[in-house]
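S.K.: Sequence and predicted model, in that order:
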Amino acid sequence: MCSENKLIAGCKKGKREFQQALYDKYCDGMYLIALRYSKIDQEAKDILQEAFLKVFRNINKLRKESSLANWIRKIVINTALNHQRSKLYLYPMVDVEDLKDREMQGAVLSHLSYEEILALIRELPSGCQLVFNLFAIEGYKHHEIAKILNISEGTSKSQYLRAKSILIEKIIRREKYDGTREV
C-alpha cells in the first residue's frame, strides 16, 4: 500500500493505478456518507462516482496542510448536497414557529446497529434528512446550513426538530413492535 503522499503525487500525474488505489482506500467510507444523503442505493453510487471524478479533477487544489480524507469527505458531502438541492423545491419545509419542540426522552439509539440507524435516516423526508445529516452528523451550525441550502435559519432548526421527532417516533414504534423495551 502506498503512503498518502505517494497516492496524491500519483493522482496529480493522472496515473490510473494511483487513482484506483486512492479510490479503493476511501470508497467504502465515502459511500456510507453518500448513503446518508440519498434515498436509494443507486443515487448514492452516482454521488460517489461524481465525487471521485471531482477529486481526481481537483487533486492539484489539495493543500499540503489538509487531510486527504477530510478533503474527499467534503467533496462527497457537497456533491450529495448538489444532488439534493436541485430537488429541494419538491419537499415542503416547516418553519420553526409551526413546530413545537416535543420532549423526546426515552428513545435510545445504543441498541440499534449502524445499518438500522442509517435506514431510519434514509426514511426521513428529504428536507429533514439533509438538515439532520448536516447538523447532527456533520456538525454544521444552523446558520451555515441555511446558507448551504438557501433556506432560513428557522427552517433549518425546524427541519432538524422535525427529523428528530420522526426518528424518535420510529424508534419507539419499532421498540413497541419488537418488544425490545417497555414504553
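M.R.: Noted; the coordinates are in hand. Numbering: from 1, shown residues only.

S.K.: Find the helix or strand that Asn175 is a member of.
M.R.: Actually, residue 175 is Glu rather than Asn. Per DSSP states H and E: Glu175 is located in helix 153-178.

S.K.: actually Ala9, sorry about that
M.R.: Ala9 belongs to helix 4-12 when elements are defined using DSSP H and E.

S.K.: Can you give me the buried ones in whichever helix or strand comes after that helix?
M.R.: Of the helices and strands lying after helix 4-12 in sequence (DSSP H and E), the nearest is helix 16-36. Residues 18-19, 21-23, 25-27, 30-31, 33-36 are the ones in helix 16-36 that count as buried (16 or more other Cβ atoms under 10 Å). From N, CA and C alone the C-beta is placed, and that goes for glycine too.

S.K.: Likewise for stretch 161-181?
M.R.: Leu161, Arg162, Ala163, Lys164, Ser165, Ile166, Leu167, Ile168, Lys170, Ile171, Glu175.

S.K.: Specify which member of the residues you listed is nearest to Leu53.
M.R.: Leu53 has its nearest neighbour among these in Ala163, at 30.0 Å by Cβ to Cβ.

S.K.: Now do the closest one, the pLDDT please.
M.R.: Note for Ala163: predicted pLDDT of 94.

S.K.: Next, work out how far apart it and Phe52 are.
M.R.: Taking Cβ to Cβ, to the nearest Å as the measure, Ala163 falls 28 Å from Phe52.

S.K.: wait, what's in contact with the nearest residue to Ala146 once chain neighbours are set aside?
M.R.: Nearest residue to Ala146 in three dimensions, chain neighbours excluded: Glu153, at 4.4 Å (Cβ to Cβ, 6 or more residues apart in numbering). Shown in contact with Glu153 (Cβ atoms under 8 Å, 6 or more residues apart in numbering): His142, His143, Ile145, Ala146.
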